[in-house]
Every structure is written in structure tokens, then in C-alpha cells.
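**Student:** Next comes the sequence, and after it the predicted model I'd like to discuss.
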Amino acid sequence: MAMNEDSIAKAGTLLAGAWSQSALLEGLPNYLYPNDVHEAAEIQTAMAAMIGDAVVGWKVAGKPGPMVGRIFASHCHQGAVTLPARQLHHRPALECEIGFQVMRDFSPGSVAYSREEVAEAARLTFTVEIVGTRFANGLHIPETEEQRLAILADNAAGAGLVVGPQLADWRDLDLLDIPIELRVDGGAKEPANPLPRHDPLDTLHWLVNELSNREIGIRAGQFVTTGSATKLYEMKPGISAVATFGDHGAVEVALEPA
């Protein structure tokens, strides 16, 4: 049976409470479980409304597709940062990603935005995404359709973003050719993402039109992160990580000791 507005709001309220209180849910009750991607996305929207924090960006899980989450202002950091443990969620991990900052509004509309006009409005931004789950047995990468819907409802497992260096003049760069390295506690380079990567600009272009079609849109100043170039790295208390993006700079992220 399709979910109605009341059941979507109830599911969003449960997830928002877990987010705000750093609590864990065993799962969503069967009668509040999304039947499809549309309902999962609506639950996430209800969750965001209940959280009440400004949305300053969006995450896309590696390629054009439905796994989209929100970046909230209180969980978005710039420059070298030590993250407070209370702000992280269950099974926190980090990913090194190429992203963008969108420098103009893309309002909802019936006409698709072109790849070129999206690119002209984008400032290349190097980021580290923080992921986490509000479910006790939650995953970051789904193995079944049921898990995929749960992750999407749960803000696509998004927990935060650390924003690093930016480039205004980037159009001549091959974005998939930029060397990206992650080193933790001064150790060896961590493995790259074993999954195929997609052109970050293609992902941004898709998202702009997806959010337009969903009558949400993107506002000037919002960030978009487009999928990990490195393997997911679980964050333990006290770690210090440095993500280096070729000659373009680095992002430093640490986690408070236990």
C-alpha cells in the first residue's frame, strides 16, 4: 500500500529525532517503510523539514541516480577541522570527493538546464564527505533494494561535509585524472575506490535537473559532492586524516579522542 502524507511525516519524524539526538533506530516499522525511491525521497524531505537546519549542499552517491542526500549547515565545515564526536552518527566514515559550489540559483522549471550553463556556474571544490547511519544495523552501501530504500530515506547515509580548496578556472582539467590520496595518521596511502568513477560534471548536471524536476532546485552558494575517489574509511576516535588533491591542495580532518 502506498504511503500517505501522514505516514511519510511519521517516518521523517523518527529519522529526524535520531539525527538530532545522535540516537539509533532498529529500523522503520513496516507500515512506515518506503515502497519505492519516490517514497524514500519524500521521507528524507520530511526528515529535513523536522531537523529544521539550513540545507547548504547535496551529496550524490557516485553517479547520476536516486541516492541523493542533504548537507546541513551545522554539519558543514571549511578548512582543517577536528570533528566533535557528538556530531557524528553510527559507523562514521570518510570519503575523498571532487565537488562543486554552485554560484547561481537553478530554480525549478519545465525546461532542462544545459550542461554548459551548469558548468559555467560551478566552482570546483575539493571535499571530504562524512557518512553515517541512524540505523543500528545500517549500511553505507546497499546490498539489496530494501537496504537502498532505507539508506535513501536516511539522508543517503550523509552525515556532513568538510570543504577544502576551490578552483574557479577548472574547465581544462580532466577531473577524473586529478590524483587523490588519503593518508591517515601519517600512514601509507589508502586504497582508491574500486568501483568505476563517473565524470563529476555529469553528476552535477544531472542533479541540477533532478532537483528542478522535484520542484526543489539548487540555490547559489550550495555545495554538491559527487562520489568518492577513495575507498570508504571508517573513522575511529583520535584519528587524523589528510586528503590531497594533486597540486590543488589538501583537506585535513580529525576526530576528537574518545
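**Tutor:** Perfect, thanks for sending it.
**Student:** And the strands in this protein?
**Tutor:** 55-60, 68-72, 76-78, 81-83, 90-102, 122-133, 158-167, 180-184, 223-228, 233-234, 240-245, 250-255 (DSSP state E).
**Student:** by contact count, what packs against the longest one?
**Tutor:** For strand 90-102, the contact count by 3 or more Cβ pairs under 8 Å, 6 or more residues apart in numbering; DSSP states H and E identifies strand 122-133, strand 158-167, strand 180-184, helix 200-213, strand 223-228, strand 233-234, strand 240-245, strand 250-255 as packing neighbours. Quick note: C-beta positions are derived from backbone N, CA and C, even for glycine.
**Student:** what do you get if the cut-off is 7 Å, keeping everything else the same?
**Tutor:** Packing partners of strand 90-102 (3 or more Cβ pairs under 7 Å, 6 or more residues apart in numbering; DSSP states H and E): strand 122-133, strand 223-228, strand 233-234.
**Student:** residues of stretch 130-141 that come out buried?
**Tutor:** 130-135, 138, 140 (16 or more other Cβ atoms under 10 Å).
**Student:** Now pLDDT and distance to Ala73 too, for those, in CSV please.
**Tutor:** Below are the buried residues of stretch 130-141 laid out as CSV (pLDDT from 0 to 100; distance: Cβ to Cβ, whole Å):
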residue, pLDDT, distance to Ala73
Ile130, 95, 14
Val131, 94, 18
Gly132, 92, 17
Thr133, 92, 21
Arg134, 93, 19
Phe135, 92, 24
Gly138, 80, 23
His140, 81, 22
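**Student:** could the residues you listed be laid out in CSV, adding distance to Glu95?
**Tutor:** Listed next are those as CSV, based on distance: Cβ to Cβ, whole Å:
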residue, distance to Glu95
Ile130, 8
Val131, 7
Gly132, 12
Thr133, 14
Arg134, 18
Phe135, 19
Gly138, 16
His140, 9
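**Student:** I figured Gly27 was touching Phe135, is that so?
**Tutor:** Yes: shown here, Gly27 and Phe135 form a contact pair, counting by Cβ atoms under 7 Å, at 6.0 Å.
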